[in-house]
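> Provided below are the primary sequence and the corresponding predicted coordinates.
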Amino acid sequence: MNAFRSNNSETTPFTHLWAGSDFPIKLKNNTYLLLSPSYEQWHIESANNQTNYPTVQSLSLPIGLILPLEQSKWSLSFIPIVRWNGEKLFSKNTFQYGGVAFTTFAKKKNQKFRLGIYANKEFFGWFVIPLLGTDWRIDDTNYIFGLLPGRLTYEHKWNTKLYSGATFRAPMNSYRLSNDKYIRLDDNQISVYLDYYPAKHLCITLEPGFGAFRKIRTGIANYSGYTSEIDWGDGPFIKLSAAYRIRL
C-alpha cells in the first residue's frame, strides 16, 4: 500500500507492505484450529525533512480455536497472538503477546453476530478494547463481515470473476526502536475495492482509499506518556494485492 504526499502532512507519503495467510484446520464438526501468520513493514518518509523515522516491521503468529457450544446457536473463539515488532525482528525487547476472545451468536445460518475483547501488551502498556462484529450473508450477492474497530467489509458479487465493495480498517501497533524508544502508529482507513479472479482461486485486488485521524507517537518503553505526538496527515492511498483465496 502506498500513501500519497499531502501539503498538510508532516510524514506522508508512506509505504506499507503486508503478507499473510489463514489456514483453517478442521478438528471435528464445526471445531477449527486457525493458523494466521503474517508479516508487515512500514516505511514512513518525512515530508518536511525535520523528523525521520526508521523502517519498522512485524512478524505475527496468531493461533485460533473455534469451539461450538453444544445444542445452541453460540460458539466461542480464542486467538492467542505472539509477535515481534521493531526495527529488527527477534532483536532484544521486540516481543509482544496478547490475544482475541469473542463469542458468536448465529441468529440464522447466514446471519451471525459477534461480541468480544482484544488485548495486547504494547510497548506503552496494555492496550485493551471491546469488539463488535458480524458475518452476515444478506443474500446471494451481498455480504457484510468483520470485527470492529479492526475491520468491517461490505462485498457485492457481480459474477464469479468480479466483486466490489467498501472497507473500514483501524490499524494500531507499536514498534521497538534501536534506541530503546518505541513508535506507535495509528490510522483509520476508508476504502473501496475491486476484486478480480483471473483464475478460480487467484484474486487480484485494487483498493483506493483515504486515511484520517492519523497519529504518530513516540515514547520510552515501559514508561507512561509520550515524548512526541504529531498528526500523521490525512490523505489518499492506493493498495494493490494478490491472494490465493478459497471462497466458502
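Received the coordinates, thanks. Residues are numbered from 1 along each chain as shown.
> quick one: low-confidence parts of this structure?
For the chain, the stretches flagged by pLDDT under 70 are 1-12, 46-51, 248.
> Nearest residue to the middle of it?
Closest residue to the average C-alpha location of the chain: residue 171 at 5.4 Å, with Cα atoms, centre = their mean.
> Can you spell out which helices and strands pack onto the strand ranked longest in the chain?
The longest strand of the chain (DSSP state E) is strand 202-220. With contacts taken as 3 or more Cβ pairs under 8 Å, 6 or more residues apart in numbering; DSSP states H and E, strand 202-220 sits against strand 181-196, strand 228-231, strand 235-244. Using the backbone N, CA and C atoms, a C-beta is placed for each residue, glycine as well.
> quick one: contacts for residue 74?
68, 103, 104, 105, 106 (Cβ atoms under 8 Å, 6 or more residues apart in numbering).
> now the farthest one out in this structure, which residue is it?
Distance from the C-alpha centroid of the chain, by Cα atoms, centre = their mean, peaks at residue 71 (32.9 Å).
> Can you tell me the SS state at it?
Under DSSP: H, G, I helix; E, B strand; the rest coil, residue 71 falls in the coil class.
> rewinding a little: so which of the helices and strands packed on strand 202-220 is nearest residue 165?
strand 181-196 (6.0 Å; Cβ to Cβ).
> what comes up buried for the closest one?
181, 182, 183, 184, 185, 187, 188, 189, 191, 193, 195 (16 or more other Cβ atoms under 10 Å).
> what's the answer for stretch 14-28, then?
Quick answer for stretch 14-28 (16+ other Cβ under 10 Å): 14, 16.
> likewise stretch 139-150?
143, 144, 145, 146, 147, 148, 149, 150.
> give the contact list for the fourth one.
Under the criterion of Cβ under 8 Å, 6+ apart, the contact partners of residue 146 comprise 133, 134, 152, 153, 168.
> so it is in which element?
strand 142-148 (DSSP states H and E).
> Output that strand as CSV, restricted to C-alpha atoms.
Output in CSV follows, covering the C-alpha atoms of strand 142-148 (Å, rounded to 0.1, in the frame of the first residue of the first chain):
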residue,chain,number,x,y,z
ASN,A,142,-24.3,-9.1,-0.8
TYR,A,143,-22.2,-9.8,2.3
ILE,A,144,-21.0,-7.9,5.4
PHE,A,145,-18.3,-9.2,7.6
GLY,A,146,-15.7,-8.0,10.1
LEU,A,147,-14.9,-7.3,13.7
LEU,A,148,-14.8,-3.6,14.7
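> Now do the contacts for residue 203.
Neighbours of residue 203 in contact, by Cβ under 8 Å, 6+ apart: 195, 196, 197, 242, 243, 244, 245.
> most surrounded residue in those residues?
Neighbour counts for the contacts of residue 203, by other Cβ atoms under 10 Å, peak at residue 195, which reaches 20 neighbours.
> That one and residue 227, how far apart?
Distance, residue 195 to residue 227, by Cβ to Cβ, to the nearest Å: 42 Å.
> just checking, residue 95 touches residue 86?
No: using Cβ atoms under 8 Å as the test, residue 95 is too far from residue 86 to be in contact (9.1 Å).
> Settle it for me: which of the two has more neighbours?
Ranked by neighbour count (other Cβ under 10 Å), residue 95 and residue 86 place residue 86 first, with 25 against 14.
> what's the spacing between that one and residue 206?
Counting by Cβ to Cβ, the gap from residue 86 to residue 206 is 31 Å.
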